[in-house]
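Chemist: 3D, please:
(2 chains)
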Amino acid sequence: GQNIDQPTEMTATEGAIVQINCTYQTSGFNGLFWYQQHAGEAPTFLSYNVLDGLEEKGRFSSFLSRSKGYSYLLLKELQMKDSASYLCAVRGSYNTDKLIFGTGTRLQVFP
Amino acid sequence: DTEVTQTPKHLVMGMTNKKSLKCEQHMGHRAMYWYKQKAKKPPELMFVYSYEKLSINESVPSRFSPECPNSSLLNLHLHALQPEDSALYLCASSQDRNYEQYFGPGTRLTVT
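Modeler: A predicted model of the protein is given here:
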């Protein structure tokens, strides 16, 4: 079967660092995506990992370990506007159009 | 132009109505997608068009009918919907099947 797990909710303080974990069990793997979604809005693309290691993009970094079926999204210097849901999505195999989404992690940032 | 546009933003329709959702992108993307999203749930894939041909239909009921008139446009025709079809309908596009998907703002659909 296909399964992607993320914590349902997390809270953090402005200026802090937060790590959102994602574990997956899929029949194949060809890439993992992180999306940010504010309430009532569309998801926006944050990062893509297909090889093991860390990808850094400004305040956001994403890590992948394929052998462990594990990824995390690291958000540094948190701002109030980072309060949103964060969706982990896996592409199960090469040359497929389908992304399998996790249920998302709702992050609340407090002052 | 780096965006996906969708119209209308909001739609209220009765169960006997026929309506259409529209999606447009001018990024030269060759894959386009329809998703349905319920509150506090992740997007669920409905249909994928790749190079203007339907490549995935996720067992969606026939009351939803997709159409891809050209490489920039994607429509979703709605007929005889049920109240449980009320949701946010998201369109997305990607350069090709192995690239990240960019989402439009969605159409908030309410079926009465």
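Chemist: quick one: strands adjacent to the helix or strand bottoming out on mean pLDDT in chain A?
Modeler: Ranked by mean pLDDT, DSSP states H and E, the weakest helix or strand in chain A is strand A:99-101, scoring a mean of 89. Strand A:99-101 pairs in its sheet with strand A:84-91 (antiparallel), by DSSP bridges.
Chemist: contacts for the strand it pairs with?
Modeler: Contacts with strand A:84-91, where a contact means CB atoms under 8 Å, 6 or more residues apart in numbering or on different chains, come from A:2, A:4, A:6, A:20, A:22, A:24, A:26, A:29-39, A:43, A:46, A:71, A:73, A:98-102, A:104-107, B:42-43, B:98. Bear in mind the C-beta positions are built from the backbone N, C-alpha and C, glycine included.
Chemist: ditto for stretch A:59-74
Modeler: Contacts for stretch A:59-74 (CB under 8 Å, 6+ apart): A:17-25, A:29, A:32, A:34, A:46-55, A:75-77, A:86, A:88.
Chemist: flag every buried residue along it.
Modeler: A:60, A:61, A:62, A:63, A:64, A:69, A:71, A:72, A:73 (16 or more other CB atoms under 10 Å in any protein chain shown).
Chemist: any chance of TSV for those residues, columns secondary structure and pLDDT?
Modeler: Converted to TSV, the buried residues of stretch A:59-74 look like this (DSSP: H, G, I helix; E, B strand; the rest coil; pLDDT from 0 to 100):
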residue	secondary structure	pLDDT
A:60	strand	96
A:61	strand	97
A:62	strand	98
A:63	strand	98
A:64	strand	98
A:69	coil	95
A:71	strand	98
A:72	strand	98
A:73	strand	98
